[in-house]
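Student: Return a 3D structure for these sequence lines:
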Amino acid sequence: MNRLDARTPLVPAVGGVTLARFVEAMGGRGGALAVARWASDDGEYRWCAAVGKRLVFAEPGDGEARDLFADAFEQLGYRPRTGPGANAYLAGARGASQRELRHLGSCGYR
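Tutor: Modelled structure (predicted):
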C-alpha cells in the first residue's frame, strides 16, 4: 500500500471512454451540465468540480463546462487553511480557464 500525500488522488484516474460513459449516464452533456450548475448554485463545489472534471475531460472543447469547472475550483481555493491547499485549487482553476489541462493534475484530477 502506498503512503498518501498531497499528490495522491483518492479516486483512480479514468480514461476518456469511461468519462464519456459517465456523462452519458447522467443524461448526456445537458444533464451533466445541469447537475454541475445545480451543485454550484447550492454551494456544493466539490460535486460541481467532480462532474465538471468529467465533462471537461470527456469533451475538452466544451467551454461552458470548462468555465463552470474553473469557477468551482476557484471557490474551493478560498476554503483551505493552508497555502499549498489553496494554491493547488487556484492553479487548477487558472489552468482550466486558460485551457491548460496539465495544471489539473495538482489536485489529483488527472
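
Student: so where is this structure shaky, pLDDT-wise?
Tutor: 1-17, 99-110 (pLDDT under 70).

Student: one more time with 80
Tutor: Regions of the chain meeting the criterion pLDDT under 80 cover residues 1-19, 79-83, 85-87, 92, 95-110.

Student: Tell me where it has helices.
Tutor: Here the chain has its helices, by DSSP state H, at 16-25, 28-41, 45-58, 63-77, 83-97.

Student: Give me whichever of the ones you listed is most buried.
Tutor: Burial among the helices of the chain, expressed as mean neighbours by mean count of other C-beta atoms under 10 Å, is greatest for helix 45-58, which shows a mean of 23. Placement of C-beta: from N, CA and C, glycine included.

Student: then it to PDB, C-alphas only?
Tutor: In PDB, the C-alpha atoms belonging to helix 45-58 read as follows (Å, rounded to 0.1, in the frame of the first residue of the first chain):
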ATOM      1  CA  TYR A  45     -18.300  23.000  -5.200                       C
ATOM      2  CA  ARG A  46     -16.700  19.600  -4.800                       C
ATOM      3  CA  TRP A  47     -19.600  17.800  -6.500                       C
ATOM      4  CA  CYS A  48     -19.600  20.500  -9.200                       C
ATOM      5  CA  ALA A  49     -15.900  20.000  -9.700                       C
ATOM      6  CA  ALA A  50     -16.300  16.200  -9.900                       C
ATOM      7  CA  VAL A  51     -19.000  16.400 -12.500                       C
ATOM      8  CA  GLY A  52     -17.200  19.300 -14.300                       C
ATOM      9  CA  LYS A  53     -14.000  17.400 -14.500                       C
ATOM     10  CA  ARG A  54     -15.700  14.500 -16.300                       C
ATOM     11  CA  LEU A  55     -17.400  16.900 -18.700                       C
ATOM     12  CA  VAL A  56     -14.100  18.700 -19.500                       C
ATOM     13  CA  PHE A  57     -12.100  15.600 -20.000                       C
ATOM     14  CA  ALA A  58     -14.800  13.800 -22.000                       C
END
